[in-house]
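**Q** when you get a sec, could you give me coordinates for this:
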Amino acid sequence: MNYGKTSKHASYDERVKRLSPKSEKPMSLLKAFAVGGGICLLGQLIRDAGLVLELEEDAAALLSTFSLVFLSALLTGLGVYDKLGRFAGAGSIVPITGFANSMVSPAMEFKREGYITGVGAKMFVIAGPVLVYGISSSVLVGLIYFFLRIAFKG
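**A** Got it, this is the predicted structure:
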């Protein structure tokens, strides 16, 4: 549909289509699924290993979370996580590992500006909005839950 498009816009659209790299969607989806699933599988294996070591369920879950955060931060620092992200696309942004990557990447990039104005100030550039909206929405949902419980109890 070319409603309201001038010939200038139409030729631009044709040029974009011609010059844009062709996406291999099935292969991209397969890579994202395999890598994302592999990260989740690793987390589950670490959790299960914690249970085998007779940790309580909460402690085993924490071991899994801490291990995934540490590994993703370490791999980001070594430059491996970026290669994984280029290969897997969205599959590498499994919530906890992607969040750790989004914290470490800007910190590394801006460390030459110093620890306060570089690392400290820029570390939350990507993760900051996630934290703000994540915390805000959880508080809002908690308040709604609290008031609904009061309303339906009485």
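**Q** residues in contact with the most centrally placed residue in the chain?
**A** The structure's the chain has its C-alpha centroid closest to Gly98; by C-alpha atoms, centre = their mean the separation is 3.0 Å. In this structure, Gly98 makes contact with Ser72, Ser92, judged by C-beta atoms under 8 Å, 6 or more residues apart in numbering. Glycine gets a C-beta too; all of them are placed from N, C-alpha and C.
**Q** how far does the helix or strand encompassing it sit from the chain's center?
**A** Mapping Gly98 onto the secondary structure by DSSP states H and E places it in helix 95-109. Remark: helix 95-109 is offset 8 Å from the chain centroid, using C-alpha atoms, centre = their mean, to the nearest Å.
**Q** from the chain's centre, how far out does the helix or strand that it is followed by sit?
**A** Of the helices and strands lying after helix 95-109 in sequence (DSSP H and E), the nearest is helix 121-122. Here the centre of helix 121-122 is set off from its chain's centre by 19 Å, with C-alpha atoms, centre = their mean.
**Q** elements contacting helix 121-122?
**A** Other helices and strands packing on helix 121-122, by 3 or more C-beta pairs under 8 Å, 6 or more residues apart in numbering; DSSP states H and E, are helix 95-109.
**Q** got the CA positions of the helix it packs on in CSV?
**A** Coordinates of the C-alpha atoms in helix 95-109 are reproduced here as CSV (Å, rounded to 0.1, in the frame of the first residue of the first chain):
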residue,chain,number,x,y,z
PRO,A,95,16.8,-12.0,31.5
ILE,A,96,19.5,-12.5,34.2
THR,A,97,22.5,-12.9,31.9
GLY,A,98,21.4,-10.1,29.6
PHE,A,99,21.0,-7.8,32.6
ALA,A,100,24.5,-8.6,33.8
ASN,A,101,25.8,-7.9,30.3
SER,A,102,24.0,-4.6,30.2
MET,A,103,25.7,-3.6,33.4
VAL,A,104,29.2,-4.7,32.6
SER,A,105,29.4,-3.4,29.0
PRO,A,106,29.0,0.3,29.7
ALA,A,107,31.2,0.0,32.8
MET,A,108,34.0,-1.4,30.7
GLU,A,109,33.5,1.1,27.9
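**Q** check which residues of it are buried.
**A** The neighbour-count check on helix 95-109 (16 or more other C-beta atoms under 10 Å) flags 96-108 as buried.
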